[in-house]
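1. Structure for the following, please:
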Amino acid sequence: MERRVALLLALLVAAAPARAQGPAVGGQAPVVASVKLEMRGGGQVPPDLQGLVAVAQGQPLSGRAVRRSIERLFSTGRFSDVVARGEEGPDGLVVTFELAPVVRISRIDVTGARSLGKDELLTAARLQVGNEYWPEKLDEARTALLAAYARRGWNQAQINATAQPSGDKVVVKLEIHEGEPTRVRALRFEGQPGLSTGRLSSAFGLRVGDILDRTRLDPGAESLRTLYRDTGHARARVGAPRVSLEATGAVVTVPVEAGPAFTLRSRETGGTRPPGSTRRWRSIRPRPWTARCWSARRGDWRPSTATVASATCGSSRARW
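-> This next block holds a predicted model:
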């Protein structure tokens, strides 16, 4: 709006009337000979709009009046654009307000969608019947839909969005070609998993051969954290899953560090906590790991028990 007002004032200075009103003198603003309202594309101008225009005939042009007029016309909610311009007429300066009526969406047709429901598509595209329409909205919807399909594993999807006028409204058509989905070629648990790959894969939920649905990655990582907690790995860390796309499919890598396993012992008996017990527990104690330390004197591996290898073997080599 500020740009339009500034542009209008610059044009009016250059188009100061040279006839009936005479040229502007001493840097004074030109006098307005007449004020008009026009509908973009033709059409009848509602008579109640004239009272919203603050620019008055016979008065010097005021930037404040132009700004107030545009604000009032926009506030009706009936126009998507209001442009003010000044032209030299037979009797002097003519100020015209060009009004672009709001165009709304009357219907949305979706074809070719199989993997995503219509409600999910329209939510992603931010399209809704009755909403205001402007041409850039189609590009925004197309970009949002491509991103939504990519999140669900359909990286080859193509979207064609068009709008057809229907009276003072438009019908939006979305033609979708989903193509072939991207599938998981490999699932890797990077780091020190501590548990079997099969058990981790089962908890993660996304398996080799599944469609690469990125919305399942974060819930899968949370399921892994739950699994580690349930198996006594209180210090386990599960990082954000990473996805790399290759020609033959997607590789999903999950960083994991199991850490030591822990058991809970009863305050009363010191025994291992039985399933479903409601007793209070005294402490968390690391479960011993069996290590083999290299003995240089004996020249072989000696069994040892420690929570960490370095605690028993010192600087010598260790195996778990």
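
2. number of nearby residues for the nearest residue to residue 248 once chain neighbours are set aside?
-> In space, and not counting its chain neighbours, residue 248 is closest to residue 185: 5.5 Å by CB to CB, 6 or more residues apart in numbering. The way it works is simple: take the backbone N, C-alpha and C, and place the C-beta from them, glycine included. Look at residue 185: counted by other CB atoms under 10 Å, it has 17 neighbours.

3. Enumerate every residue touching residue 185.
-> Neighbouring residues of residue 185 by CB atoms under 8 Å, 6 or more residues apart in numbering: 208, 246, 248-251.

4. Extract the residue ranges of the stretch 151-300 of the chain that are flagged as low pLDDT.
-> Applying pLDDT under 70 to the stretch 151-300 of the chain picks out residues 263-300.

5. quick one: residue 229 is in a helix?
-> Yes: counting by DSSP: H, G, I helix; E, B strand; the rest coil, one finds residue 229 located in a helix.

6. hmm, back to that, tell me which helix or strand the residue nearest to residue 248 sits in.
-> Taking DSSP states H and E as the criterion, residue 185 maps to strand 184-192.

7. Which strands border that strand, and is each parallel or antiparallel?
-> Strands that pair with strand 184-192, judged by DSSP bridges, come out as strand 249-257 (parallel).

8. So what's the gap between the strand it pairs with and the chain middle?
-> Centroid separation for strand 249-257 versus its chain: 23 Å, with CA atoms, centre = their mean, to the nearest Å.

9. what about residue 143, which helix or strand?
-> helix 136-151.

10. List the contacts of that helix.
-> Outside helix 136-151, the residues that touch it by CB under 8 Å, 6+ apart are 115-116, 120-121, 124-127, 155, 157, 159-163, 172, 174, 176, 178, 213-215.

11. Quick check: next helix or strand after it?
-> Downstream of helix 136-151, the next assigned helix or strand under DSSP H and E is strand 158-166.

12. now the angle from that next one to helix 136-151?
-> 150 degrees (axes from the mean of the first three to the mean of the last three CA atoms, to 10 degrees).

13. And the helices in the stretch 201-320 of the chain?
-> Secondary structure of the stretch 201-320 of the chain (DSSP state H, counting those that start in this stretch): helices at 217-230, 309-313.
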